[in-house]
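Visitor: Provided below are the primary sequence and the corresponding predicted coordinates.
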Amino acid sequence: GPMELFLVEEAAVLYGVGVWGIMLVAYALFVALIVLMLRPRLVIYNISLDQVRPVVADVVSRLDRDARWAGESLVIPQLGVQLHLEAAHLMKNVQLVSSGPHQNLYGWRHLELELRAALRRTPTTPNAHGGILLATGLMLAAAITFLLARDPAGVMQSLNEMLRR
């Protein structure tokens with residue numbers, strides 16, 4: 001897999017199976033670094049843009065009277081937040097994405113908490129694509145299980161080779 005690309009053979013010989021723990025920790029730290037470097041965003045699942053915009057407008061009007069909309073963009077000066085709304089219509093998700101590099105993370109957190117409370121009272125309908133995605137995932141899991149069960153000795157041999165036993 002991809003982790004074997006970065007595996008140092010000398011470390012595998014020196015640490016044995018423990019090298020995989022080191023690799024997992026390094027991978028997790030790398031992912032955490034990437035996540036921390038990204039601009040803030042909030043993703044709201046299972047809701048359309050038409051449903052979320054009034055809720056966001058209501059919450060923002062309570063938080064900051066000086067907040068201003070420009071199309072799908074919003075500036076909330078008292079929170080130090082600038083964002084725009086992006087909709088993924090097929091997946092029925094809306095993202096509130098930061099619009100500039102100068103953002104107040106505490107303002108984003110405050111906005112998130114207020115939106116969470118307001119959105120709990122918002123009725124939504126299930127996503128029609130969810131059943132298709134769930135069925136596809138179950139079929140893939142069944143196919144993988146079938147292929148693994150067909151050759152358990154080969155699976156063990158591959159696992160032993162990967163772990164360098």
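Guide: Arrived safely. What you see is a predicted model, and the numbers here were worked out from it, not measured in a lab. Residues are numbered from 1 along each chain as shown.
Visitor: okay, CA-based contacts and neighbour counts for the rest of this
Guide: Noted.
Visitor: from the chain's centre, how far out does the helix or strand containing Arg53 sit?
Guide: Following DSSP states H and E, one finds Arg53 within helix 49-63. In terms of Cα atoms, centre = their mean, to the nearest Å, the centre of helix 49-63 is found 22 Å from the chain centre.
Visitor: check the secondary structure at the residue nearest the centre of the chain for me.
Guide: Nearest to the mean C-alpha position of the chain, by Cα atoms, centre = their mean, lies Val43 at 8.2 Å. Secondary structure, DSSP: H, G, I helix; E, B strand; the rest coil: Val43 is strand.
Visitor: so what's the residue nearest to it when sequence neighbours are not counted up against?
Guide: Once flanking residues are discounted, Val43 sits nearest to Gln95: 4.4 Å by Cα to Cα, 6 or more residues apart in numbering. Shown in contact with Gln95 (Cα atoms under 8 Å, 6 or more residues apart in numbering): 41-44, 85-87.
Visitor: neighbouring strands - and their directions - for whichever helix or strand Gln95 is part of?
Guide: Using DSSP H and E, the element containing Gln95 is strand 93-98. Counting by DSSP bridges, the strands paired with strand 93-98 are strand 41-45 (antiparallel), strand 81-88 (antiparallel).
Visitor: where's the nearest residue to Pro40 once chain neighbours are set aside relative to Met37, distance?
Guide: The shortest distance from Pro40 to any non-neighbouring residue, by Cα to Cα, 6+ apart, is to Ser98 (5.8 Å). Using Cα to Cα, to the nearest Å, Ser98 is found at 13 Å from Met37.
Visitor: higher neighbour count, those two?
Guide: Using other Cα atoms under 10 Å, the more surrounded residue of Ser98 and Met37 is Ser98, with 22 against 9.
Visitor: and the gap between that one and Pro54?
Guide: Counting by Cα to Cα - Ser98 and Pro54 are separated by 19 Å.
Visitor: ok, now Phe30?
Guide: Distance from Phe30 to Pro54, by Cα to Cα: 38 Å.
Visitor: this protein: helices as residue ranges?
Guide: Assigned by DSSP state H, the helices in the chain fall at 2-5, 9-15, 19-37, 49-63, 105-119, 129-150, 152-163.
Visitor: which stretches of this structure aren't confidently modelled?
Guide: Scanning the chain with the threshold set as pLDDT under 70 gives 1-3, 165.
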